[in-house]
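J.: Structure for the following, please:
(chains A, B, C and D)
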Number of protein chains: 2
Amino acid sequence: MAEKTGRSDPTRTLALLWRAKEPPARGPKPGLSVDRIVAAAIALADEAGVAALSMRKVAERLGVGTMSLYTYVPGKDELLNLMVDTVLAEADRPEAFSGTWREALELHARADRAVALRHPWLVSLSTPGLMLLGPAETARSEFAMRAVSGIGLTQREMVDIVNLVDGYVRGVAQITADIGAADRESDVDYEEWWDKATPMLERFIQQSRYPTLYAAWYSGAFETSPSEGFEFGLQRLLDGVERFVDERARG
Amino acid sequence: MAEKTGRSDPTRTLALLWRAKEPPARGPKPGLSVDRIVAAAIALADEAGVAALSMRKVAERLGVGTMSLYTYVPGKDELLNLMVDTVLAEADRPEAFSGTWREALELHARADRAVALRHPWLVSLSTPGLMLLGPAETARSEFAMRAVSGIGLTQREMVDIVNLVDGYVRGVAQITADIGAADRESDVDYEEWWDKATPMLERFIQQSRYPTLYAAWYSGAFETSPSEGFEFGLQRLLDGVERFVDERARG
DNA sequence: GACCTACTCCGTACACCGTACGGTACGGCG
DNA sequence: CGCCGTACCGTACGGTGTACGGAGTAGGTC
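T.: Numbers count the residues shown, from 1 in each chain, chains lettered A, B, ... in the order given. Below is the predicted model:
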């Protein structure tokens, strides 16, 4: 999150995430809904970045007074949580998956990455460590745990392996999201930045002191495609898991 | 970053990071310094979280007017960048490391993780993808690249492997940092949270629908120690890398 | 039909934020 | 000496999240 998480009333937040609120009996008809608010917030964040997301802007987009939002949502933190879980629901993981554990983990990882690419603000907010426990988050965790169940691992090993995959996906997603954000928010583009920075960089980063970095740099290796790099890393990672699983099965 | 990155003048930011500014000839003696400002900001972030860090608070801690900071630092974004690189310098990577590539990567990963644990705000800010290029960041990258050089890999494979390790460390660090932050910033503690949330959770997360999650939950597997989980994942990951390296060496 | 009351909507206000601007005091250089 | 680049910073502006209290609405009950 990097923000707050709970507003001290877990029941309220959970009820919100699971949309567990019977419609009110008395009073005027609600002209708004949690879903509409969340959708507007997501759209805003997608367009302008999460930094530009404010309650006033969300309200304005909905043609409504700012404070009206607080009738549906306790505060901005809860709205952010709702956005995360909503967006997580975009990833379609099959209810029943027939395939190897490895294929399942690949699907899990790619699904998360796809969502993160579509909504770059996700990784800077979410806590996919079974902490939020909204419906999408829960489904996601169930899928991942199921992927590595029934292959002879202890519960703890299952959890650790899922964390390994989740951690990797999250870390790489954040790195690429950050680069994208820097490109988008900065008023200079990549090319221009380097033109300006190069003379100064060459003053500080001398070949003699950083030879390996230097060589890699001028080989163009840093211009690796993010998705190819992601796949490469994922396969190495799963190779390591496979070795562990095989040893467990054998011994 | 999830914040801005450059203030449009890369030269200024880089000069700041590398402390490349000859002391002024004319004028009154500076009563402050970039280092003192950065140190105060880091202390503040460590104590109260990065969300509570403001220019006013930093100035107050230094016994100085808010706007005085702007004499030394162009803005808050640059200050954040400086904090990141400063804190990264805490990790001591030996200048010359004699050991296998695997030992070197382990050291690299653990060093980053140690820093991230000491300064939980790090992962929510930094962009360790060779984008900031401050001195600590540069040294860090050089060490990592050197770890996987000379073992028969292409430059691109080296970069991808470093990204794999960095991504994993970063992702896991963020997850544990988030949990810690939630605990710290929330006014309810873990125990109490669960007591309150459990009835509602059991209403939504039924065993029939999420059997695997349920089983893992009640086995206590989620109470895995973060550092043990980290080490486990790191070893699996490096096993996968090892297989790749071996195959490259053989074929 | 009248009233109570839960509910939606939201204007105003407050505390806090980053920082642009311009003024003042300082102190080496010519 | 005076010049002028510099350090320091008070004030102010436009933004933020949200507490509070009031106004209007409409189903339940009599």
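J.: I'd like the distance from residue A:67 to DNA strand D, if you could.
T.: In this structure, residue A:67 and DNA strand D are 5 Å apart, going by Cβ to the nearest atom of the strand, to the nearest Å. For every residue, glycine as well, the C-beta is placed using N, CA and C.
J.: Look up how far residue B:172 lies from that residue.
T.: Relative to residue B:172, residue A:67 is positioned 40 Å away (Cβ to Cβ, to the nearest Å).
J.: who has more neighbours, the two?
T.: The neighbour comparison of residue A:67 against residue B:172 (other Cβ atoms under 10 Å in any protein chain shown) goes to residue B:172, with 27 against 10.
J.: so where does the closest residue to the more buried one other than its chain neighbours fall, helix or strand?
T.: Spatial nearest neighbour of residue B:172, chain neighbours left out: residue A:167 (3.8 Å); criterion: Cβ to Cβ, 6 or more residues apart in numbering or on different chains. Using DSSP states H and E, the element containing residue A:167 is helix A:155-185.
J.: what does residue A:14 give?
T.: Residue A:14 is part of helix A:10-17 when elements are defined by DSSP H and E.
J.: tell me the contacts of residue A:69?
T.: With Cβ atoms under 8 Å, 6 or more residues apart in numbering or on different chains as the criterion, the residues that contact residue A:69 are A:32, A:37, A:55, A:58, A:59, A:79.
J.: Which ones among these also lie next to DNA strand D?
T.: With the criterion set as Cβ under 7 Å from any atom of the strand, the members of the contacts of residue A:69 near DNA strand D are residue A:55.
J.: how about the residue nearest to residue A:89 when sequence neighbours are not counted, what does it touch?
T.: The shortest distance from residue A:89 to any non-neighbouring residue, by Cβ to Cβ, 6+ apart, is to residue A:136 (3.8 Å). If you count contacts by Cβ under 8 Å, 6+ apart, residue A:136 has them with A:85, A:86, A:87, A:88, A:89, A:91.
J.: Could I get the contacting residues of the third one?
T.: With Cβ under 8 Å, 6+ apart as the criterion, the residues that contact residue A:87 are A:42, A:115, A:118, A:119, A:122, A:136.
J.: Dump the C-alpha coordinates for stretch A:70-82 into CSV.
T.: Taking C-alpha atoms only, stretch A:70-82 is exported to CSV below (Å, rounded to 0.1, in the frame of the first residue of the first chain):
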residue,chain,number,x,y,z
TYR,A,70,-18.0,9.9,1.5
THR,A,71,-21.5,8.6,1.7
TYR,A,72,-20.3,5.5,-0.2
VAL,A,73,-16.7,5.2,0.8
PRO,A,74,-15.1,6.0,4.2
GLY,A,75,-12.1,7.6,2.7
LYS,A,76,-9.5,7.7,0.0
ASP,A,77,-7.6,4.7,1.4
GLU,A,78,-10.6,2.5,1.1
LEU,A,79,-11.2,3.8,-2.4
LEU,A,80,-7.7,2.8,-3.3
ASN,A,81,-8.2,-0.7,-1.8
LEU,A,82,-11.4,-1.0,-3.8
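J.: any chance of the contacts of residue A:69 in CSV, with secondary structure and pLDDT too?
T.: Below are those laid out as CSV (DSSP: H, G, I helix; E, B strand; the rest coil; pLDDT from 0 to 100):
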residue, secondary structure, pLDDT
A:32, coil, 96
A:37, helix, 98
A:55, helix, 98
A:58, helix, 98
A:59, helix, 98
A:79, helix, 96
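J.: Residue B:236: which of the contacts of residue A:69 is nearest?
T.: Taking Cβ to Cβ as the measure, residue B:236 lies nearest residue A:79 of the contacts of residue A:69, at 36.8 Å.
J.: Verify the stated contact: the closest one with residue A:41.
T.: Yes: Residue A:79 is in contact with residue A:41 according to Cβ atoms under 8 Å; the separation is 5.7 Å.
J.: Touching both of the two, which residues are there?
T.: With the criterion set as Cβ under 8 Å, 6+ apart, the overlap between the contacts of residue A:79 and residue A:41 is residue A:58.
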